[in-house]
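[1] Dropping a prediction and its sequence here:
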Amino acid sequence: MSQGSNFVDYVKICCRSGKGGAGSAHLHRDILTSMGGPDGGDGGRGGHIIVKGSVHIWTLLHLKYRKHIIAEDGGAGGSSHKFGKQGKDEILEVPLGTIAKDAETGEVLFEITKDGETKILTAGGRGGLGNAHFKNAVQQTPRFAQPGEPGKEVWNILELKVLADVGLVGFPNAGKSTLLSVVSAAKPEIADYPFTTIVPNLGIVSYRGGKSFVMADIPGIIEGASKGKGLGYRFLRHIERNSVLLFMVPADTSRTIKEEYEILKKELQSYNPELMQKPHVLAITKSDMLDDELMEEMKQDLPSIPSIFISSVAQKNLLELKDLLWRAIEG
């Protein structure tokens, strides 16, 4: 997942499904029959607008400039009970973790979580019935048929919430990108200034016995992020879809480890209290600068969650960290 404008996690689109084709009111005629009965066929269904999950897509960028999605109309029914042509469906491929909403009401319509999963976003109109359906003992030659149903035109929102097993939570420069680059093949941008990461990055972390899990580096939260400060509000929603939250606090923080963890926790709780129900793990980063005596002293004041001192640069305790995370994922 690349940095910058290539990552789009929110689009608003106008969807217009196809209208159904009209049924036919044709009466059978041929060289031997001058007054045949009704043989009008049904109209074809209008095209749906369908959303389909794909593991090969990580962003909604391809939909950013497609504001209007229009499906094909159904064809009219014909003589001799011929059905009208079905309108072509418009299929929108989206990343896993995409949520579809009604733009006016904000109602969540569905979520795409599996590769190849399809959901109808806007249904096409049904085709009208031909006059053959209306023949009865009283009315043997009906000269009418149903019109097709009109299509629907609605504004929808597609919103991506990154799916990952482990989400990295921490203030800017806590070492999240460095950890991800060391334990996976991901290559996030790394620098010594805040907000180096401006979009979520995903990496696959290899574990014992050929197992693996997905780790997401979420852009740095700041105090007040849940109220819209910094980048936090935009990307906090990605944390909602992570199974385990790994809080990362640098050993050289100006606060105590516990204080920084509590601030991070408070921001998440303000945004969505349900995040407190997820398993929490604490990693104290940059611990290669600590001696054993200082480390033991700091352990006395850690929050009561699974904790570990690590160093991504020195690759210290990284396997032990994976063990902790795997137990939390499986837990």
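    Good, I have the coordinates. Numbering: from 1, shown residues only.
[2] Direction included, what does the helix or strand residue 154 falls within pair up with?
    Applying DSSP states H and E as the criterion places residue 154 in strand 153-160. Looking at strand 153-160 with DSSP bridges, its partner strands are strand 10-16 (antiparallel), strand 98-102 (antiparallel).
[3] ok and the helix or strand just after the first one relative to strand 98-102, angle-wise?
    Looking back up the chat, that one is strand 10-16. Note on strand 10-16: by DSSP H and E, the next helix or strand toward the C-terminus is strand 49-54. Going by axes from the mean of the first three to the mean of the last three C-alpha atoms, to 10 degrees, strand 49-54 is angled at 160 degrees with respect to strand 98-102.
[4] what's the average pLDDT for strand 49-54?
    Taken as a whole, strand 49-54 has a mean pLDDT of 96.
[5] can you check stretch 64-83 too?
    94.
[6] for that stretch, which positions count as buried?
    69, 71-78, 81-83 (16 or more other C-beta atoms under 10 Å). C-beta here means a position set from N, CA and C on the backbone, and glycine is covered the same way.
[7] Just name the closest of those to residue 118, please.
    Nearest to residue 118 among these: residue 71, at 14.2 Å, using C-beta to C-beta.
[8] Would you confirm that the closest one contacts residue 46?
    Yes: between residue 71 and residue 46 there is a contact under C-beta atoms under 8 Å: 6.6 Å.
[9] what sits in contact with each of the two?
    Common contact partners of residue 71 and residue 46 (C-beta atoms under 8 Å, 6 or more residues apart in numbering): 17-18, 87, 124, 151.
[10] all helices of the stretch 51-200 of the chain, in order?
    176-183 (DSSP state H, counting those that start in this stretch).
[11] hang on, isn't residue 149 packed against residue 46?
    Yes: assessed by C-beta under 8 Å, residue 149 is found in contact with residue 46 at 7.4 Å.
[12] Give the residue from those two that has the larger number of neighbours.
    A direct count of neighbours by other C-beta atoms under 10 Å for residue 149 and residue 46 places residue 46 higher, at 31 against 20.
[13] Against residue 154, how distant is the more buried one?
    Look at residue 46 and residue 154: by C-beta to C-beta, to the nearest Å, they are 14 Å apart.
[14] about what we covered before: farthest pair in the buried residues of stretch 64-83?
    69 and 81, at 32.9 Å, using C-beta to C-beta across these.
[15] Span of stretch 67-75 from start to end?
    Distance between the two ends of stretch 67-75: 26 Å, counting by C-alpha to C-alpha, to the nearest Å.
[16] Quick one: distance of it to the chain centre.
    In terms of C-alpha atoms, centre = their mean, to the nearest Å, the centre of stretch 67-75 is found 24 Å from the chain centre.
[17] What helices and strands are in contact with the top helix by length along the chain?
    Criterion DSSP state H: the longest helix present in the chain is helix 257-271. Here helix 257-271 touches helix 232-239, strand 242-250, strand 280-285, going by 3 or more C-beta pairs under 8 Å, 6 or more residues apart in numbering; DSSP states H and E.
[18] export the ones you listed to a markdown table and tack on mean pLDDT, mean neighbour count and distance to residue 58?
    A markdown table is the format used below for the helices and strands packed on helix 257-271 (pLDDT from 0 to 100; neighbours: other C-beta atoms under 10 Å; distance: least, C-beta to C-beta, whole Å):
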| stretch | mean pLDDT | mean neighbour count | distance to residue 58 |
| --- | --- | --- | --- |
| helix 232-239 | 65 | 20 | 12 |
| strand 242-250 | 91 | 23 | 16 |
| strand 280-285 | 94 | 24 | 25 |
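[19] Just put these in a markdown table and tack on distance to residue 163.
    Output for those, formatted as a markdown table (distance: least, C-beta to C-beta, whole Å):
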| stretch | distance to residue 163 |
| --- | --- |
| helix 232-239 | 9 |
| strand 242-250 | 8 |
| strand 280-285 | 19 |
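[20] which stretch among the ones you listed comes nearest residue 295?
    strand 280-285 (8.5 Å).
[21] now the closest one, how far from the chain's geometric center?
    On C-alpha atoms, centre = their mean, the centre of strand 280-285 falls 27 Å from that of its chain.
[22] so after that strand, what's the next helix or strand?
    helix 292-299.
[23] residues in contact with that next one?
    Under the criterion C-beta under 8 Å, 6+ apart, residues 251, 257, 284, 287, 290, 307, 309 lie in contact with helix 292-299.
[24] got the phi/psi numbers for the closest residue to the fifth one other than its chain neighbours?
    By that I understand residue 290. Distances taken as C-beta to C-beta, 6 or more residues apart in numbering put residue 251 closest to residue 290, at 5.5 Å, once the chain neighbours are dropped. For residue 251, the backbone dihedrals (degrees, to the nearest 10) come out as phi -60, psi -20.
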